[in-house]
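[1] When you get a sec, could you give me coordinates for this:
(2 chains)
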Amino acid sequence: MSDPRTEAYARLIVDCIQPEPGWNVLVRSQPLGRPLVQAVTRELARRGVRALVRLRFEAAGGVFVREAPLELLKELPPIDRHEIETADSYIAIVAPENTREGADVPAERSGLAMGALREVQRPFLSDEKPWTGCYWPTEAVAQDAGMTLPEFEEFLFGAVLVDWDALARDMERIAERFDRAETVRLVGADTDLTFSLAGRAGKVDALGANVPGGEVFYSPVEDSAEGIISFSEYPACYLGHEVPGVRFRFEGGRIVDASAAGDEEFLLGTLDTDEGARRLGEFGIGCNPGIQRHTRNTLFDEKIEGTVHLAIGTGFPQLGSTNRSAIHWDIVKDLRSGGRIELDGETVQENGAWRL
Amino acid sequence: MAAVDPRVEQYARLLVERSLTVQPGWQVMVIATPLARPLVEEVVRQIARIGAWPLVRLSWVHGEQVAFDSLWAAEAPEELIGTIAPIEAQARRELDAWMMIQAAENTRAAALLPPARRVALRKAYAEFDERRMQPGFPWVGCLYPTQASAQDAGMTLAEFEDFLYGACLLDWDAERDRMLRYAERFDAAETVRIVGAGTDLTLSIAGRSGVVDDAHLNMPGGEFFYSPLEDSAEGVVEFSEFPASYQGNVCEGVRLRFQRGEVVDASASANEEFLLAALETDEGARRLGELGIGCNPGIQRHTRNTLFDEKIDGTVHLAIGAGLGFVGGLNRSAIHWDMVKELRNGGRIELDSVVVQENGRWLL
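    Prediction:
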């Protein structure tokens, strides 16, 4: 028996790419994604769209990446290349059996395999062709979120099955107010940080390349951040690491002092990646009312209503950013417990509640 | 995690090295269901080690070669189903070898697609079917043991695994030599007469030569086969010993009467409706596309799976529908339905009136 929420989820996902009849859409997933893959396949069929389903046992890694001669890994087989080049769109449904899969692949091999895909995927990543990525609830993802599978299902459907038109209108109102402002000040526990958005416009993520959406985001002026921010509520998660109690001090837009309550070595090492790693690439405001708790999964955490997130590293050129880096690490700050956001001296959010 | 059955590794080696003869740089399409994971991963490993690319296409439900599309084809507009996606067409023009691993979770699932849509889907892939049937194109159909296929065979999974590997892990060079000896005798003959329970059928293979399947096109191999002259079949054949199943539909007691190569009278004791509908598929559905002779010593019992049943030592099979171009078959049809006739129970095969097999035992 199919869960009606799965059907609604599938319609939502297909809406994200807005396919036209006759399109060829790649649907990438894993065997555990079956209910959603099938619902998406049917939804595409009903709209007269070709569904080309590509299932893999492991989304990252797999036997071929571990065993193939290196020179073979460097390039895609011509059939796969043609497939990605000519597909009109793709939908990625993440449904891992184990979120650490691929961890045993030597970096050289995974680097080659990713490199082979990079150029051919560029039209998607630069938004010339529509794509979307989403999760299907599996035990592995629930486990990482510290939940049982039924709990995680409730959480996921709560986050994706919201009234997106109404939420988009709310977020546009928020973005208008931020677009008009020059200076943002974030105040909270051990936190007092200002930075500038002068001349920068924001982007509303309602539904598009990520499901769920539910954030408004900017790239701050690169040399503007001043003050302290303490991410004391949640660990900062990146590349399989969880760093608790991250604290940054900024001067002239640059992190001049950084510490953490654990795994500080990873934090400091990451900040030394390149020059851009010490500057802000993103300021985002979480607005998804269906997401109230932290799950160690950035796709969801950065949209927790009543939080903001800052990303160190590369910014969004389409939002005016000039910062470049090999990293982009989103770190979430809870403002629901005594925090506030000020725009040019006026408080617009307090304890996570808007006062617009 | 349980260790992988060592027989899986040998099985994969046969498929990759013997059946497909995979060469460096090849693009090898591997179609399977997720249940076949141990075999798929072993096949991928061996293809990778050769320096070739595996193109794995997994789906939960598939017909003969149409990965996943059955779910899509149940709901897509009909005009879209009848044409292949350009991406799939390009892939099938370029691929160097093709492997189809059956690993059903439910052997009846494919029957859900309405026949008209199934035919449309098959037509969409007809160009590749033709390419695959060219002499020398490397392809293989095989099976990975699942509970569903064991259940259909009336066995436990462990029993079915023993059965499968007993049929597949043979000395194929020795099997080839033995079958070649029989096939030479058939090649030299004009008229084949099959006599058995309720059965007396003659057909001509004059000018046609046979192909011995020594584990190249099918795993297991263990048959040699012909496309009979399209207008030659005369008489009656009764498949009374085994059910005839096609894409999840099972017919019992199928009886066909031929005149000048065409089925002029057909009946079945169960599911006759499906039989008659299949015969109406198109003009070619009423003529024979294949005569095969089962020779696999590892296969002694019927398992409701054509891949094995058509190789039961001491049986023959007749397929209605599409002929095999690479052995001179001219008949064209969207179907190819193999039905197996038991000859170990008093049956015999005559070639130009000489008895060459009796009660399933060769007199050659």
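[2] what comes up buried for stretch A:124-132?
    Within stretch A:124-132, the residues that qualify as buried are A:124, A:129, A:130, A:131, A:132, counting by 16 or more other Cβ atoms under 10 Å in any protein chain shown. Where C-beta positions appear, they are placed from N, C-alpha and C, glycine not excepted.
[3] Averaged pLDDT, it. What do you get?
    Here stretch A:124-132 scores 85 as its mean pLDDT.
[4] Quick one: the strands in the stretch 151-300 of chain A, in order.
    A:183-188, A:191-196, A:203-205, A:215-218, A:226-231, A:236-238, A:241-243, A:246-251, A:254-259, A:280-286 (DSSP state E, counting those that start in this stretch).
[5] How far off centre is the biggest helix by length in chain B?
    The longest helix of chain B (DSSP state H) is helix B:172-187. Centroid separation between helix B:172-187 and its chain, computed with Cα atoms, centre = their mean, to the nearest Å, is 19 Å.
[6] For the helix or strand just after that helix, which helices and strands make contact with it?
    Using DSSP states H and E, the helix or strand that follows helix B:172-187 in sequence is strand B:191-196. If you count contacts as 3 or more Cβ pairs under 8 Å, 6 or more residues apart in numbering or on different chains; DSSP states H and E, strand B:191-196 packs onto strand B:199-204, strand B:336-342, strand B:348-351.
[7] In its sheet, which strands sit next to strand B:191-196, and in what direction?
    Paired with strand B:191-196 in the same sheet, following DSSP bridges, are strand B:199-204 (antiparallel), strand B:348-351 (antiparallel).
[8] Contacts for that strand next, please.
    Here strand B:191-196 makes contact (Cβ atoms under 8 Å, 6 or more residues apart in numbering or on different chains) with B:186, B:200-206, B:228, B:237-238, B:291, B:316, B:341-343, B:345-353.
[9] Let's verify the residue sitting nearest the centre point of chain B: helix, strand, or coil?
    Nearest to the mean C-alpha position of chain B, by Cα atoms, centre = their mean, lies residue B:307 at 5.0 Å. Counting by DSSP: H, G, I helix; E, B strand; the rest coil, the backbone at residue B:307 sits in helix.
[10] okay, now the residue nearest to residue B:35 when sequence neighbours are not counted: neighbour count?
    For residue B:35, ignoring the flanking residues on the chain, the nearest one in space by Cβ to Cβ, 6 or more residues apart in numbering or on different chains is residue B:103 at 4.4 Å. Neighbours of residue B:103 under the rule other Cβ atoms under 10 Å in any protein chain shown: 22.
[11] Okay, helices next: where are they in the chain?
    I went with chain A, as the question did not name one. A:4-17, A:34-46, A:63-67, A:70-73, A:78-86, A:107-125, A:139-144, A:149-160, A:164-180, A:264-271, A:298-301.
[12] actually it's chain B I care about, not the one you picked
    So, for chain B - with DSSP H - the helices run B:6-13, B:37-50, B:69-73, B:78-81, B:86-94, B:115-124, B:126-132, B:147-152, B:157-168, B:172-187, B:272-279, B:306-309.
[13] can you list the residues of chain B near chain A?
    With Cβ under 8 Å from any Cβ of the partner chain as the criterion, chain B meets chain A at residues B:27, B:29, B:34, B:37, B:40-41, B:44-45, B:48-49, B:51-60, B:67-68, B:71-77, B:80, B:85-88, B:90-91, B:94-95.
[14] just to revisit the earlier point, let me know which of the helices and strands packed on strand B:191-196 is tucked in deepest.
    Burial of these is given as mean neighbour count (mean count of other Cβ atoms under 10 Å in any protein chain shown); strand B:336-342 ranks first at a mean of 23.
[15] Can you pull out the residues in contact with that strand?
    B:194, B:196-197, B:199, B:237-239, B:241-242, B:244, B:246, B:254, B:278, B:289-290, B:292, B:294, B:302, B:306, B:309-310, B:312, B:314-322, B:347.
[16] ok now do residue 263, which residues does it touch?
    Because you didn't say which chain, this covers chain A. A:241, A:242, A:243, A:244.
[17] I was after chain B.
    B:256, B:257, B:279, B:286, B:287, B:320.
[18] Show me which of these is closest to residue A:104.
    Among the contacts of residue B:263, residue B:320 lies closest to residue A:104 (Cβ to Cβ), at 50.9 Å.
[19] How about that closest one, nearest residue that isn't a chain neighbour?
    residue B:337 (5.2 Å).
[20] Also residue B:122?
    residue B:334 (5.0 Å).
[21] where does that neighbour fall, phi/psi-wise?
    phi -80, psi -10 (degrees, to the nearest 10).
[22] I'd like the distance between residue B:160 and chain A.
    Residue B:160 is 22 Å from chain A, where distance means Cβ to the nearest Cβ, to the nearest Å.
[23] neighbours of that residue, just the number please.
    Residue B:160 has 22 nearby residues by other Cβ under 10 Å.
[24] which non-adjacent residue is nearest it?
    Nearest to residue B:160 is residue B:150, by Cβ to Cβ, 6+ apart, at 3.6 Å.
[25] Now do the same for the one you found: its pLDDT.
    95.
[26] my guess is it contacts residue B:156, does it?
    Yes: the pair residue B:150 / residue B:156 is scored as a contact, 6.1 Å apart, by Cβ atoms under 8 Å.
[27] Where does pLDDT dip in chain B?
    Applying pLDDT under 70 to chain B picks out residues B:1-3, B:62-69, B:110-112.
[28] got a list of what residue A:346 touches?
    Listed by Cβ under 8 Å, 6+ apart, the contact set of residue A:346 is empty.
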